[in-house]
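Undergrad: okay, here's the prediction I keep looking at, along with the sequence it came from:
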Amino acid sequence: MVVVDDPTLFAESLRTALTLAGYDVYWLSAAQASNGGMEPITAGGARPDAAVLDLDLVDGRNATTLLEQLVAQGIPVAIVTASDDHAEWARCLELGASGVVSKTLPLADVVASVGRLAAGLPLMTPTELHLLRREVEAQARREQEMEARFARLTSDESWLLGQLMEGHVAQDIARVSHRPQPAVHAMVTSILAKLGVPTWLGAVTLANDYGWYPSEEVGG
């Protein structure tokens, strides 16, 4: 069994736990794997029965590239990650990972999951896979809806919302932008209607949660 990870406490703990569980573990750093380190292991047609790949590589390397390389060699791959971004989990499954295991689980549960993979058993149940797909699809629909809401804003409304996000109030915005206060208040009302929120604070919260910010081209 191969563990592909950077030298971290989690990687060392996992390797130790797998060894104590009776597995012959070879720890390969992400740098070694990227530089052809898998070749000696698979020489002569021999392949590890499973590989564990940490998605949270601390040296900034692209774990999905390593995943594709492992899958291309016919090695079943278990992804371990602390991320709860299920869209990222689904992406790993699309690239050929056998399953994803959360680092938040007790180490014994992580070892048991990897053991199932090494034994040729499914790493994730059909129910888990179904729920993951449904969650990712729902998240994609929410993001599309948010994108559509913010796309309705005019250039001036986008600028005004950006000012509100920076902590400015409508009265000060009207004075600085040389706009009549009624015009600014009308723009705020339009923003609220387009974003589907009752208050300007709600609009700011929604923008921050969505990660929206006016482009540099937008001006007052």
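TA: That came in fine, so what should we check first?

Undergrad: ok so Val204 is a helix residue?
TA: Yes. Looking at Val204 with DSSP: H, G, I helix; E, B strand; the rest coil, it is inside a helix.

Undergrad: hang on, it packs against Met165?
TA: Yes. Counting by C-beta atoms under 8 Å, Val204 touches Met165, with 5.2 Å between them. No exception for glycine: its C-beta is placed from N, CA and C like everyone else's.

Undergrad: per-residue pLDDT, the residue sitting furthest away from the middle of the chain?
TA: For the chain, the largest distance from the centre (C-alpha atoms, centre = their mean) belongs to Pro180, which lies 43.8 Å off. At Pro180, the pLDDT value in this model is 92.

Undergrad: residues in contact with it?
TA: Applying C-beta atoms under 8 Å, 6 or more residues apart in numbering, one finds that Pro180 lies in contact with Ala174.

Undergrad: please tell me how far it sits from Ile173.
TA: Per C-beta to C-beta, to the nearest Å, Pro180 is found 11 Å from Ile173.

Undergrad: try Arg142
TA: For Arg142 relative to Ile173 (C-beta to C-beta), the value is 30 Å.

Undergrad: just Val25 next, same as before
TA: 61 Å.

Undergrad: state the mean pLDDT of the helix ranked longest in the chain.
TA: Counting residues, the longest helix in the chain under DSSP state H turns out to be helix 126-151. Taken as a whole, helix 126-151 has a mean pLDDT of 88.

Undergrad: what does the pLDDT read for Ala170?
TA: Reported pLDDT for Ala170: 87.

Undergrad: does it touch Trp200 like I think?
TA: Yes. Checked against C-beta under 8 Å, the pair Ala170 and Trp200 is within contact range at 7.4 Å.
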